[in-house]
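Engineer: turn this into a structure:
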Amino acid sequence: MLNSVSPGSLLLTFLIIVLLFGTKKLRSIGEDLGHAVRGFRKALNGEATDNKDPQP
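Structural biologist: Below you'll find the model as predicted:
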């Protein structure tokens with residue numbers, strides 16, 4: 001009973017989160033999370049970070 005998640009319960013949870021935080025705060029959280037994931041992937045691939053001078 002507790003191990004099944006229905007689409008209705010997911011929608012209700014999403015609506016509650018939007019009401020609590022607001023759309024602007026959720027957007028900024030999403031952008032920050034996206035930047036963090038991109039930085040993590042770059043670090044895993046060994047790519048250079050956002051340096052202004054390229055390394056020789």
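Engineer: tell me which helix or strand the spatially most central residue of the chain sits in.
Structural biologist: Centroid-nearest residue in the chain, with C-alpha atoms, centre = their mean: L33, separated by 3.4 Å. For L33, the host element (DSSP states H and E) is helix 23-45.
Engineer: where does pLDDT dip in the protein?
Structural biologist: Filtered on pLDDT under 70, the chain yields the residue ranges 1-2, 48-56.
Engineer: just checking, what packs against the helix holding L33?
Structural biologist: helix 7-21 (3 or more C-beta pairs under 8 Å, 6 or more residues apart in numbering; DSSP states H and E). (Each C-beta comes from the backbone N, C-alpha and C, glycine too.)
Engineer: so the helix it packs on versus helix 23-45, what angle?
Structural biologist: 110 degrees (axes from the mean of the first three to the mean of the last three C-alpha atoms, to 10 degrees).
Engineer: what does helix 7-21 rub up against?
Structural biologist: 26, 29 (C-beta atoms under 8 Å, 6 or more residues apart in numbering).
Engineer: gap between that helix and the chain center?
Structural biologist: How far helix 7-21 lies from its chain's middle: 17 Å, per C-alpha atoms, centre = their mean, to the nearest Å.
Engineer: also stretch 19-37?
Structural biologist: Using C-alpha atoms, centre = their mean, the offset of stretch 19-37 from its chain centre is 7 Å.
Engineer: one step back: do you know how far the residue nearest to the centre of the chain is from F40?
Structural biologist: 10 Å (C-beta to C-beta, to the nearest Å).
Engineer: try L19
Structural biologist: Where F40 is concerned, L19 sits at a distance of 30 Å (C-beta to C-beta).
Engineer: measure the residue nearest to the centre of the chain to G39 for me?
Structural biologist: Taken as C-beta to C-beta, the span from L33 to G39 is 11 Å.
Engineer: can you list residues touching both of the two?
Structural biologist: With C-beta under 8 Å, 6+ apart, L33 and G39 have no common neighbours.
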